[in-house]
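Asker: Here is the input, now give the coordinates:
(chains A and B)
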Amino acid sequence: MAAAIRIEALTKDYTVGFWRSRSYRALDRLSIDIEPGEVFGFLGPNGAGKTTTLKLLMQLIYPTSGRAEILGRPVGDIAVRQRIGYLPENPSFYDYLTAEELLGYFAQLFGYSSLERKARVAALLDRVGIGSERKLQLRKFSKGMIQRVGIAQALLNDPEVVFLDEPMSGLDPLGRRDVRALILELRDQGRTVFFSSHILADAEALCRRVAVVAGGRLAASGTLTDILAFQVRGWELVMSNVSREVLARVTPSVRRVTEISADRHALELSLDQAPDRILADLTAAGASLVSLNPIRDTLEDFFMKRVAEMGAGARAPLAEEARASH
Amino acid sequence: MRAIRTVAVNVFRESVRDRVPYNLVLFAVMLIASSYLIGQLTAGQDVKIIKDLGLAATSVFGLFIAIFIGIGLVSKEVERRSIYALLSKPVSRAQFIAGKYAGLVLTLCVNVSVMAIALYAILAYMVWATHPASRAVWDAPGLDPALLKAIFLIFIELMLVTAIALFFSTFSSPILSAALTFGFYIAGHFNADLKNFDRVVDSKVAATLARGVYHVLPDLSAFDVKTEVVHGLPVAAAYIATTTAYGLAYVAGLLLIATFIFSRRDFK
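Answerer: Predicted coordinates for the structure are as follows:
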């Protein structure tokens, strides 16, 4: 099957400074293939090269070397833009337009008739939860509402491939839930979604495959399970009604105990400690289980480790390393 | 064509919602009206003064609109990052530039038309209020259609100034673009002097340099037929046609270079 998005050795250098100009590599030989109908997470800390990649795919910037294709066509092909949608990072639009007018303006660029435009704009604004505010100028919109309008404009043309740069940015928990549902809906409709994020939870909830970039280079790519499975470094056991005596007894055998409230405690166990034994011990003493979760490296920790490793010259995809080490 | 038209209509809508053009038009109308009061103090010359002031105001206020909106056409889109979403739609960078330009030209056309109507309205009032015997000594009729020739060439000149502003705004900051465009405007009006610079300087280098600048800069004084029109002197149709063609050729050249620069630009 032909890739929906193909990125081959994409590299971007910027020149910084005026008198003493020097070259800065924002993206270094990035290669990824994204399959049609896939929700693909493009992860990395701030400044990793995520937005640079998306800008290259939208041809807002030009590559120093390498190439990219969307739906089998080069990224510069205007006809391809009829079939894709793009949400920029922290989008900003014309503040003198209302949400309805902005979407109407963009819909006109796609060549929809007046009737079709009105229907599409109304349906999309409903879908992203913009109600009567659609008649207000965008200057009166909050950041979260602008983000919702940005998502709506990315979906105006029923795109086959949707690029979302930090789609959860600026959204409240309700908004994040809505956007997650929307992305899953797009996946169910068979659309390809390429989204960038620095929040691991978003990727975990939505993607099967991800790529991780750090320092402009591909740090890992593959399924999220492969990449992060071995990153579990312990367990967190949250218990209620733990008596002081029992707590005193188990404290030496666990890594750390944190008092969350008067009757609730979090116990941190190392990876080699079996949580079920301590759990049985505590419940026998009258405590109740609130939650048990694996403690993983945060994505940030993961990035930091990878950046350090890559600085030392290690460039093998981490998923492969993980498989090799197991 | 659809993309250019859509972008142009949005520029027009932006300028309509922007209060600056309204204020400028209002101010121009007020100036024309006050020029009538000045005319009252000058026996026999009032119509001439009103025509002079009216045309000058049309030119100056049009110039402010062309420069101050023109320099923001591209840079504002880049600064507020609205260009990111726009260029992900089926719009090429060349269409973007053409649409932006067409939108401001449409705005200018409406503004110049409003000023022209205001000028003719005041002149109509003067004709009505002046005794036929006094009108007989006027150089040209009060409601002289020839005024439209001057207004038309002012409009072509403003189209050219807009293209200069747009050209600079594709690669420099708004302040620098404004300064450069204004500089071009001033130099363009004194361009004819550069042609014969060798008559006033001995240096061959300076004369050659001046002649080179003369060929690069547009000769904006060619668009100024205000004096001829106000004094009832003839302005040949052929002159208007060649001057218009000259202006439009310049506009086309500037837009081509602007598109060339803009098409290679990275939006970091």
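Asker: State the pLDDT value of A:Ile7.
Answerer: What the model reports as pLDDT for A:Ile7 is 94.
Asker: B:Val60 too?
Answerer: 89.
Asker: can you check B:Phe27 too?
Answerer: In this prediction B:Phe27 is given a pLDDT of 65.
Asker: For chain A, what's its nearest residue on the stretch 101-250 of chain B.
Answerer: B:Gly103 (12.1 Å; CB to the nearest CB). In short, each C-beta sits where N, CA and C put it, glycine included.
Asker: so who does that residue touch?
Answerer: Shown in contact with B:Gly103 (CB atoms under 8 Å, 6 or more residues apart in numbering or on different chains): B:7-12, B:14-15, B:73.
Asker: what ranges of the stretch 101-250 of chain A fall below the confidence cut-off?
Answerer: Within the stretch 101-250 of chain A, the ranges that satisfy pLDDT under 70 run A:228-231.
Asker: and with 80 instead?
Answerer: Within the stretch 101-250 of chain A, the stretches with pLDDT under 80 are A:199-201, A:204, A:224-232.
Asker: What parts of it come near chain B?
Answerer: A:101, A:105-106, A:108-111, A:150, A:153-154, A:163 (CB under 8 Å from any CB of the partner chain).
Asker: element containing the residue of the stretch 101-250 of chain B closest to chain A?
Answerer: helix B:93-129 (DSSP states H and E).
Asker: now the strands: where do they sit in the stretch 51-200 of chain A?
Answerer: If DSSP state E, counting those that start in this stretch is used as the criterion, the strands of the stretch 51-200 of chain A fall at A:65-70, A:73-74, A:84-87, A:161-165, A:192-197.
Asker: hmm, who's touching the shortest one?
Answerer: It stands for strand A:73-74. With CB under 8 Å, 6+ apart as the test, strand A:73-74 has contacts from A:67-68, A:79-80.
Asker: That one pairs with which strands, and in what direction?
Answerer: Strands that pair with strand A:73-74, judged by DSSP bridges, come out as strand A:65-70 (antiparallel).
Asker: Give me the mean pLDDT for the strand it pairs with.
Answerer: 94.
Asker: contacts for it?
Answerer: Against strand A:65-70 from outside (CB under 8 Å, 6+ apart): A:3-11, A:29-31, A:56-57, A:74-75, A:80, A:84, A:161.
Asker: Which of the contacts of strand A:73-74 sits closest to chain B?
Answerer: Of the contacts of strand A:73-74, the one sitting nearest to chain B (CB to the nearest CB) turns out to be A:Ala79, at 7.3 Å.
Asker: My understanding was that the closest one contacts A:Gly72; is that so?
Answerer: No. With contact defined as CB atoms under 8 Å, A:Ala79 does not count as touching A:Gly72 (11.2 Å).
Asker: Okay, helices next: where are they in the chain?
Answerer: Looking at chain A here, since you left the chain open. Secondary structure of chain A, counting by DSSP state H: helices at A:50-57, A:99-109, A:114-127, A:143-154, A:173-188, A:200-206, A:224-228, A:244-250, A:275-284, A:299-311, A:318-325.
Asker: um, chain B though
Answerer: B:2-17, B:19-40, B:46-70, B:72-79, B:82-87, B:93-129, B:132-135, B:147-169, B:174-189, B:191-195, B:204-216, B:226-230, B:237-263.
Asker: Now tabulate the ones you listed in JSON lines and tack on distance to A:Gly37.
Answerer: Formatted as JSON lines, these follow (distance: least, CB to CB, whole Å):
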{"stretch": "helix B:2-17", "distance to A:Gly37": "30"}
{"stretch": "helix B:19-40", "distance to A:Gly37": "49"}
{"stretch": "helix B:46-70", "distance to A:Gly37": "46"}
{"stretch": "helix B:72-79", "distance to A:Gly37": "34"}
{"stretch": "helix B:82-87", "distance to A:Gly37": "24"}
{"stretch": "helix B:93-129", "distance to A:Gly37": "31"}
{"stretch": "helix B:132-135", "distance to A:Gly37": "81"}
{"stretch": "helix B:147-169", "distance to A:Gly37": "42"}
{"stretch": "helix B:174-189", "distance to A:Gly37": "45"}
{"stretch": "helix B:191-195", "distance to A:Gly37": "62"}
{"stretch": "helix B:204-216", "distance to A:Gly37": "56"}
{"stretch": "helix B:226-230", "distance to A:Gly37": "67"}
{"stretch": "helix B:237-263", "distance to A:Gly37": "34"}
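Asker: Measure how buried B:His215 is and give me the count.
Answerer: Other residues within reach of B:His215, judged by other CB atoms under 10 Å in any protein chain shown, total 10.
Asker: Do you know the pLDDT at it?
Answerer: The model's pLDDT for B:His215 equals 80.
Asker: what does the one 5 residues further on give?
Answerer: According to the model's per-residue confidence, B:Leu220 sits at a pLDDT of 89.
Asker: Pull the contacting residues for it.
Answerer: By CB under 8 Å, 6+ apart, the residues touching B:Leu220 are B:157, B:160, B:185, B:188-189, B:191.
Asker: one step back: how about the helices of chain A, which one is nearest B:Thr242?
Answerer: helix A:99-109 (37.7 Å; CB to CB).
Asker: for that closest one, packing partners?
Answerer: With contacts taken as 3 or more CB pairs under 8 Å, 6 or more residues apart in numbering or on different chains; DSSP states H and E, helix A:99-109 sits against helix A:114-127, helix A:143-154, helix B:2-17, helix B:82-87.
Asker: Residues contacting the shortest one, please?
Answerer: Helix B:82-87 is touched from outside by A:55, A:58-60, A:86-88, A:91-94, A:106, A:109, A:150, A:153-154, B:7, B:77, B:93, B:96, B:267, with contacts defined as CB under 8 Å, 6+ apart.
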